[in-house]
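A.B. asks: after the sequence you'll find the predicted model.
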Amino acid sequence: MKKGILLLLILIAILTPYSCEDSTLFVDCNKCYESVSEKMSVELKVTIDGENNFVPITFYHGDIDNGEIILQDTAYNATYYTKEVEIGERYSAIAKYSLSGRIIHAVDGRELKKKKDNNSCDNPCYIIQGDVLDLRLK
């Protein structure tokens, strides 16, 4: 019994650091591509609601505190796509919300990368990681 609980705790500790977007443990073959260019768009998820009909966003190459601003725009839909950027680089974004008269900033950042998978699907293919930044209000 103690060994089973210990094994479960070790498994949870190993799997916890992986977010859904970055996990390669379970490959969705519908999102595994036979060829991928060296550039791609990053999806920014934002919250559009009664208090925030639009959301100002800033997208950075690097981290928000020392990165280069790539674009500043306003999202009017819950999903916003950036212009194409280089794979293999780190990108981050910040969204500005109004919540009960206060200003709230949502921040996320990741490295945009591609990984080749030879075993999970029928043919070898590429998995894209870091192509979604979650700037939604929680």
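C.D. replies: Nice, thanks for sending it over. A quick note: this is a predicted structure, and the numbers were derived from the prediction, not measured. Numbers count the residues shown, from 1 in each chain.

A.B. asks: in stretch 31-41, what counts as buried?
C.D. replies: 32, 40 (16 or more other CB atoms under 10 Å). Where C-beta positions appear, they are placed from N, C-alpha and C, glycine not excepted.

A.B. asks: please begin residue numbering at 59 from this point
C.D. replies: All right, first residue 59 from here; so that's stretch 89-99.

A.B. asks: ok, residues contacting it?
C.D. replies: 139-146, 170, 172, 175, 178-179, 181-186, 189 (CB atoms under 8 Å, 6 or more residues apart in numbering).

A.B. asks: over to stretch 107-121?
C.D. replies: By CB under 8 Å, 6+ apart, the surrounding residues in contact with stretch 107-121 are 100, 102, 104-106, 122, 125-134, 138, 140, 143, 147-158, 167, 193, 195.

A.B. asks: now the helices: where do they sit in the chain?
C.D. replies: Here the chain has its helices, by DSSP state H, at 60-73.

A.B. asks: what about the strands in this protein?
C.D. replies: Remark: strands assigned in the chain by DSSP state E are 90-91, 97-98, 101-103, 113-119, 126-133, 137-139, 143-144, 148-157, 160-169, 171-175, 183-187, 190-192.

A.B. asks: just put these in CSV and tack on mean pLDDT and distance to Phe84.
C.D. replies: Formatted as CSV, the strands of the chain follow (pLDDT from 0 to 100; distance: least, CB to CB, whole Å):
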stretch, mean pLDDT, distance to Phe84
strand 90-91, 90, 11
strand 97-98, 94, 21
strand 101-103, 97, 20
strand 113-119, 98, 29
strand 126-133, 97, 29
strand 137-139, 95, 23
strand 143-144, 96, 26
strand 148-157, 97, 24
strand 160-169, 97, 19
strand 171-175, 93, 11
strand 183-187, 93, 11
strand 190-192, 97, 16
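
A.B. asks: so which of those strands is the most surrounded?
C.D. replies: Mean neighbour count (mean count of other CB atoms under 10 Å) peaks for strand 190-192 among the strands of the chain, with a mean of 21.

A.B. asks: okay, now the sheet partners of that strand, with direction.
C.D. replies: Using DSSP bridges, the strands paired with strand 190-192 are strand 101-103 (parallel).
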